[in-house]
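1. Sequence plus predicted model, see below.
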Amino acid sequence: MTASFDPAGGIRVHGLVAEPRQFSKDDLQALPQLTRTATFVSKGGERTVTYTGPALLDLIKAAGGVIEHKRLDRLRAWVVARSASGYEVVFSWGEIDALFGDGEFIVAHQSDDEPSEGTARLVVPRDHHGGRYVGQLVEIEVCGFPEPVSRPG
């Protein structure tokens, strides 16, 4: 049985992106899809679940990508994923960008697990613990440091 997340609502992608916008479940399905099986520990014990959805990086690219003033500014950025309940998880840009890290981050709109409320959940299939998974995902904010201060000599 394949469970789909509730199509109501959406995911707001904003911050240091060129085209901030809201993504519906249909928008998520229109992006390139990944399907990954994850085995992780949660409060109920070890679980194995198969998730389908776009990569977090592709979602951010669909919002125009990260605004950079200088080459590789994005490496000074981080991403905050927020749930409807207020749960937040922070990732460095280097973790989610395949040019630098090897982690996969999926904005899963479908799974073979029990249905979840919201448009999607953020999952990190290679994590051994589900603590960085964000159910009822409602917001992705790309943040960054201000310009560095010039240091003398």
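-> It's in. In this text the structure is predicted, and so the values were computed from the model without any measurement.
2. show me the contacts for the spatially most central residue of the chain.
-> Closest to where the C-alpha atoms of the chain average out (Cα atoms, centre = their mean) is Leu56, at 4.1 Å. Listed by Cβ atoms under 8 Å, 6 or more residues apart in numbering, the contact set of Leu56 reads Val79, Ile96, Phe105, Ile106, Val107, Leu122, Ile140. Where C-beta positions appear, they are placed from N, C-alpha and C, glycine not excepted.
3. Tell me the secondary structure at the first one.
-> Going back to what we said before, that points to Val79. What DSSP: H, G, I helix; E, B strand; the rest coil gives for Val79 is strand.
4. Tell me if I'm right that it and Cys143 touch.
-> Yes: here Val79 reaches Cys143: they are 7.4 Å apart, a contact under Cβ atoms under 8 Å.
5. more neighbours, the two?
-> Val79 (24 against 13; other Cβ atoms under 10 Å).
6. Can you check what pLDDT the model gives that one?
-> We have a pLDDT of 95 for Val79.
7. Give me the nearest residue to it, chain neighbours excluded.
-> Spatial nearest neighbour of Val79, chain neighbours left out: Phe91 (4.8 Å); criterion: Cβ to Cβ, 6 or more residues apart in numbering.
8. hang on, the one you found packs against Ala81?
-> Yes: Phe91 is in contact with Ala81 according to Cβ under 8 Å; the separation is 7.3 Å.
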